[in-house]
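Participant: Sequence first, then the predicted structure:
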Amino acid sequence: MSSKNFPELFSWLLLAIILLLCIGPAQAGTVSITYRGSGGYYVGDSVILDGMNTVGNTTVITITGPGLPAAGVPPYNLTGDAGTGNTAVTDPSGTWSYDWDSSRALGASSLNPGRYTFTVYDNSNSQINSSVSVFLKQPEFYASISPNPAVLNDYVQVTGKVESAADTIGIDVIDASGNKVHTFSSPVSNGGYFQYGFHVDMPPGVYTVYISSPSLSNSLTSTLTVVESNANLTAVAPVISTQVTSPPASTGTPVAPQATATIPPGSGTLVISSVPAGASVYLDSANVGISPVTLNGVAPGTHLVEIKSPGYLTVSMDVVVTSDKPVEVSPQLVRAPFGLGLSPLAALGGCLGAAALFIVSRKK
């Protein structure tokens with residue numbers, strides 16, 4: 001081959017490299033999302049989402065809607081930083097699934113009726129994403145009880161909302177024998193909201209809480225569990241003592257609220273660590289300390305555990321606590337995406353532009 005052909009061969013080789021770079025981003029994979037059901041849910045319902053992710057093995061989920069940042073926030077932390085999300089593990093087949101219990105999200109009380117959009121992307125490339133929308137509406141009559149379980153002298157709050165006109169709400173606390181141990185009355189605001197608090201003075205047991213109003217055709221029935229207390233033992237406050245409704249202004253490393261209370265019989269232990277350590281740990285949306293942390297006196301059942309650290313994606317998981325042995329949780333934190341990567345279409349446009357310039361230069 002003549003040496004004068006080398007420049008031309010090099011030029012065509014350069015064009016081939018440009019075209020390969022063009023094709024590469026376009027074939028990075030896809031991410032999809034869908035919901036199960038009709039797409040219409042009540043605030044407090046669980047929304048099950050699933051889909052495919054052929055880009056990587058970590059799917060990030062964000063939510064936006066009325067009153068939420070347009071960039072999205074983690075579904076289980078509606079007060080979180082804009083542009084951050086929760087994660088769902090993608091299995092080897094490329095499928096992922098996520099169960100969002102809207103009643104257990106931090107900031108759930110701010111959820112208003114309207115259309116909410118979930119967006120998913122792979123942690124390695126936020127530009128490859130997909131979205132789906134669902135509609136949330138408030139039921140005619142709903143209420144919540146917190147904390148639950150409670151111990152003697154806890155201050156329990158019953159909060160809720162009614163859509164129909166109602167001036168007052170009646171609250172009856174009934175023991176296992178069917179006897180009314182307390183009857184309360186709560187006013188209803190012009191916006192339909194009500195809130196009533198009382199101190200627990202009942203012996204341990206399971207109580208039925210009956211919430212009604214003469215203005216409403218339906219009523220609500222819930223349960224309140226009261227457990228024994230023992231001042232000689234210490235437990236984490238959000239588990240069995242008064243729930244902290246708003247943390248104090250931060251001046252440095254968060255400190256877990258503590259209270260002197262009982263570790264109820266049959267309760268479990270939850271051991272939470274993270275890699276790296278030093279992350280803020282939340283149990284059922286309440287801050288309980290810095291990882292690693294051991295929580296005693298946790299009521300058996302399913303609890304929401306969240307682990308948060310600056311610069312990392314929030315980890316959210318449902319953990320089943322049992323009384324027979326400690327449950328250990330130790331997730332690997334995933335760094336949050338930094339910056340905006342070049343989208344496949346932008347990369348393709350740039351490559352085709354470079355190829356066009358190459359052809360024009362060849363004709364000169």
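Facilitator: Arrived safely, thanks for sending.

Participant: Please make it C-alpha for all contacts and neighbour counts, starting now.
Facilitator: Will do.

Participant: show me what contacts residue 30?
Facilitator: Residue 30 is in contact with 52, 53, 54, 55, 128, 129, counting by CA atoms under 8 Å, 6 or more residues apart in numbering.

Participant: Can you tell me which of these are buried?
Facilitator: By neighbour count, with 16 or more other CA atoms under 10 Å, the contacts of residue 30 hold 52, 53, 54, 55, 128, 129 as buried.

Participant: Which ones among those lie within strands?
Facilitator: Counting by DSSP state E, these place 52, 128, 129 in strands.

Participant: Can you tell me which of these is closest to residue 302?
Facilitator: For those, the minimum distance to residue 302 (CA to CA) is 26.7 Å, reached by residue 52.

Participant: Once you drop chain neighbours, what's closest to the closest one?
Facilitator: Closest residue to residue 52 apart from its sequence neighbours, by CA to CA, 6 or more residues apart in numbering: residue 95 at 4.5 Å.

Participant: What residues does that neighbour make contact with?
Facilitator: Counting by CA under 8 Å, 6+ apart, residue 95 makes contact with 50, 51, 52, 53.

Participant: can you list the weak-confidence ranges in the stretch 151-300 of the chain?
Facilitator: Filtered on pLDDT under 70, the stretch 151-300 of the chain yields the residue ranges 163-165, 217-218, 229-266, 285.

Participant: coming back round to it: I'd like the contacts of residue 30 as JSON lines, with pLDDT and distance to residue 284 appended.
Facilitator: Putting those into JSON lines (pLDDT from 0 to 100; distance: CA to CA, whole Å) gives the following:
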{"residue": "52", "pLDDT": "93", "distance to residue 284": "28"}
{"residue": "53", "pLDDT": "93", "distance to residue 284": "29"}
{"residue": "54", "pLDDT": "91", "distance to residue 284": "32"}
{"residue": "55", "pLDDT": "90", "distance to residue 284": "32"}
{"residue": "128", "pLDDT": "90", "distance to residue 284": "32"}
{"residue": "129", "pLDDT": "91", "distance to residue 284": "29"}
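
Participant: re earlier: which pLDDT value goes with the residue nearest to residue 52?
Facilitator: Residue 95 is assigned a predicted lDDT (pLDDT) of 92.

Participant: Relative to residue 329, how far out is it?
Facilitator: According to CA to CA, to the nearest Å, residue 95 stands 23 Å off from residue 329.

Participant: And for residue 268?
Facilitator: Taking CA to CA, one finds residue 268 at 14 Å from residue 329.

Participant: Looking at the two, which is more packed in?
Facilitator: Of the pair residue 268 and residue 329, residue 268 is the one with more neighbours under other CA atoms under 10 Å, namely 22 against 14.

Participant: what about the closest residue to the more buried one other than its chain neighbours, how many neighbours?
Facilitator: Distance criterion CA to CA, 6+ apart; nearest residue to residue 268, sequence neighbours excluded, is residue 323 at 4.3 Å. Residue neighbour count, defined by other CA under 10 Å, stands at 16 for residue 323.

Participant: Turn the ones in strands among the buried ones among the contacts of residue 30 into TSV, columns for distance to residue 29.
Facilitator: Formatted as TSV, these follow (distance: CA to CA, whole Å):
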residue	distance to residue 29
52	10
128	8
129	10
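
Participant: returning to that earlier point: who's in contact with the residue nearest to residue 268?
Facilitator: With contact taken as CA under 8 Å, 6+ apart, residue 323 is in contact with 266, 267, 268, 269, 300.

Participant: go again using 10 Å as the cut-off
Facilitator: By CA atoms under 10 Å, 6 or more residues apart in numbering, the contact set of residue 323 is 265, 266, 267, 268, 269, 297, 298, 299, 300, 301.

Participant: And the pLDDT at it?
Facilitator: Per-residue pLDDT puts residue 323 at 81.

Participant: so how far is residue 299 from it?
Facilitator: Distance from residue 323 to residue 299, by CA to CA: 8 Å.

Participant: ditto for residue 321
Facilitator: Counting by CA to CA, the gap from residue 321 to residue 299 is 7 Å.

Participant: between the two, what contacts are shared?
Facilitator: Common neighbours of residue 321 and residue 299, using CA under 10 Å, 6+ apart, are 267, 268, 269.

Participant: Quick check, the second one in contact with residue 298.
Facilitator: Which is residue 268. Yes. Counting by CA atoms under 10 Å, residue 268 touches residue 298, with 5.0 Å between them.

Participant: Common neighbours of the two, please.
Facilitator: By CA under 10 Å, 6+ apart, the residues touching both residue 268 and residue 298 are 321, 322, 323.

Participant: give me the element the last one is part of.
Facilitator: Right, residue 323. Using DSSP states H and E, residue 323 maps to neither a helix nor a strand.
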